[in-house]
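J.: mind folding the following:
(one chain, ligands or ions: 1)
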Amino acid sequence: MPSRFEPTLTETAVTESDLTSGWQQFAECAQYAGEVDFFPARGESLRDAKAVCTVCPVKNECLEFALRLKVAHGVWGGLSERERRSLRRERHRVEPRSGLRTSQRTTPPSQHA
Ligand code: SF4
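T.: I've put the predicted structure just below:
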């Protein structure tokens, strides 16, 4: 059975860094295999999975992995599918080329009062 860190074919390609970074070996969820469901069905509680993520030492790495690969299912980095979609949307509001947030953009001179 593949580990939860092996993306399916529908997900974005895994990079060399994903395979060599090794953060997965510190995943707290590995201690709860078969006890806590990190892929609950729609409407089922995420509480137990999120509680495990809260104390996970690689929570940030896990979240970034799931965001980058656009993993659609399950709890990753302490966030649900919906929460990750919301975070992705929030990040997309950051202007990608300049690195400035929408609120930090300068007003074009033509719009100055
Ligand atoms: S953040 Fe949660 S899902 Fe990710 S590795 Fe840690 S325990 Fe597992």
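
J.: other SSEs contacting the helix ranked longest in the chain?
T.: As assigned by DSSP state H, the longest helix anywhere in the chain is helix 81-92. On a contact count with 3 or more CB pairs under 8 Å, 6 or more residues apart in numbering; DSSP states H and E, helix 81-92 meets helix 59-68. For the C-beta atoms, the positions are set from N, CA and C on the backbone; glycine is no exception.

J.: residues of this protein that sit close to the ligand?
T.: Within reach of the ligand by CB under 6 Å from any ligand atom, the chain has these residues: 27-29, 38, 52-53, 56, 58-59, 62, 75-78.

J.: turn the residues you listed into CSV, including pLDDT and secondary structure.
T.: Listed next are these as CSV, based on pLDDT from 0 to 100; DSSP: H, G, I helix; E, B strand; the rest coil:
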residue, pLDDT, secondary structure
A27, 97, coil
E28, 98, helix
C29, 97, helix
F38, 97, coil
V52, 98, helix
C53, 98, helix
C56, 98, coil
V58, 97, coil
K59, 98, helix
C62, 97, helix
V75, 98, coil
W76, 98, strand
G77, 98, coil
G78, 98, coil
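
J.: out of these, flag the one nearest to R84.
T.: R84 has its nearest neighbour among the residues of the chain next to the ligand in W76, at 6.8 Å by CB to CB.

J.: do you know how far the closest residue to that closest one other than its chain neighbours is from A30?
T.: Nearest residue to W76, sequence neighbours excluded (CB to CB, 6 or more residues apart in numbering): A66, at 3.4 Å. Counting by CB to CB, to the nearest Å, the gap from A66 to A30 is 16 Å.
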